[in-house]
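# Give me a 3D structure for the following:
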Amino acid sequence: MKQLGWKVLLNDWNQYARVISTAHVVCDEDRSKEVHELIQLLETASPIDGWFTETYCRKSRYFTPENGIRIEGIREFIETLDLDDELKCVAICSLMEAADRVDSTVGVQMAYLKQWSKRSLQTLKLRPPALVKQSEFGKASAHCMEAQEAASKLIADVAYLDPPYNQHKYIGNYHVWQTLVQWDQPEVYGIACKRVECREKRSDFNSKPGIQGAMNRLIENLQCEIKIISFSNEGYLPRTDMESLLLDHGKLQVLSRAHDRYVGAKIGIHAPSGKKVGQVSHLKNTEFLYVLGEVDLSSGICEEAGWKMESPLQTG
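From the prediction side, this is the model:
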């Protein structure tokens, strides 16, 4: 959206997401020279074998110790630099993404592979983000508010929402990134060495009884003419309930697209011993885009992008 010239506001309750948003969207193209020089400087950091390496490379196995000591050394080096918020986010984000390219998981950090993945044996390499020039309508901004607070404070023409849709919290899926951002040596638990925050931080969007009320409040609070909600057919809100909720707030159009399920579905269900113990029921799911507001989707551009126009199951 920024590349198309829009002024973009971003929000997520987790700090690692604000860092990514700041690095890729808030930071503008005119800082490219500074960013490239910073990445070159970070590559000179000395490795450190400390708490991070012990926790995420030995007690758990997200990264090889060889890459772990480089991650830890670079992250500690970042703390010694006098960087403004944008450049610090660029530095941490570049390190986070470099670590992601050499991790040993199936994409989320609820668990790690018993054997090192091929990519985990590669050498950690930093890359600068591809920056985009600032919109003529103003500078982008990234926030770290709970969804209802953000909806009551941020004003825009269009809101795109991608909420959790089941019990899995994003902070639990990506807890190592939260630690890499906060750099706080948290108390951890379980084989996956998750932050205790993963147990303590709660959202109504992760609750089957709570999600419908939370979604309704969010739609009511949003100060936007057009609202687009991405939601899975495997979520806590069935399509009939979502449509019923949204139709109370205006004109509704529905798009759908099939996706492969997460990589773990292809690998299958295994016991802690590694033995395959169950069958995965399906390998595809459906993403629905619920478009709320006066917008014309009949031009065919959605179909060209792979989306199928659906007739709402109910009428308002």
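# Tell me how far stretch 15-30 lies from the chain's centre.
Here stretch 15-30 is found 13 Å from its chain centre; the criterion is CA atoms, centre = their mean, to the nearest Å.
# Walk me through the domains of this structure.
As assigned by automatic domain parsing, the chain contains the domains 13-140+168-202, 145-164+204-316.
# Can you lay out the ones you listed as CSV showing mean pLDDT, mean neighbour count and distance to Gly5?
Glycine gets a C-beta too; all of them are placed from N, C-alpha and C. Putting these into CSV (pLDDT from 0 to 100; neighbours: other CB atoms under 10 Å; distance: least, CB to CB, whole Å) gives the following:
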stretch, mean pLDDT, mean neighbour count, distance to Gly5
domain 13-140+168-202, 97, 18, 6
domain 145-164+204-316, 85, 15, 13
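# Dump those domains into JSON lines; add distance to Lys7 as well.
Output for the domains of the chain, formatted as JSON lines (distance: least, CB to CB, whole Å):
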{"stretch": "domain 13-140+168-202", "distance to Lys7": "4"}
{"stretch": "domain 145-164+204-316", "distance to Lys7": "8"}
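# what's the closest of these to Gln3?
domain 13-140+168-202 (5.2 Å; CB to CB).
# Quick one: end-to-end length of that closest one, please.
11 Å (CA to CA, to the nearest Å).
# And stretch 57-72, by the same measure?
Criterion CA to CA; first-to-last residue distance in stretch 57-72 is 11 Å.
# Which residues does that stretch contact?
45, 47-53, 56, 95, 98-99, 102-105, 109, 112-114, 116, 120-121, 123-124, 176, 180, 191-193 (CB atoms under 8 Å, 6 or more residues apart in numbering).
# cool, and stretch 297-304?
Outside stretch 297-304, the residues that touch it by CB under 8 Å, 6+ apart are 253, 255, 291, 309.
# element containing Ile228?
strand 226-232 (DSSP states H and E).
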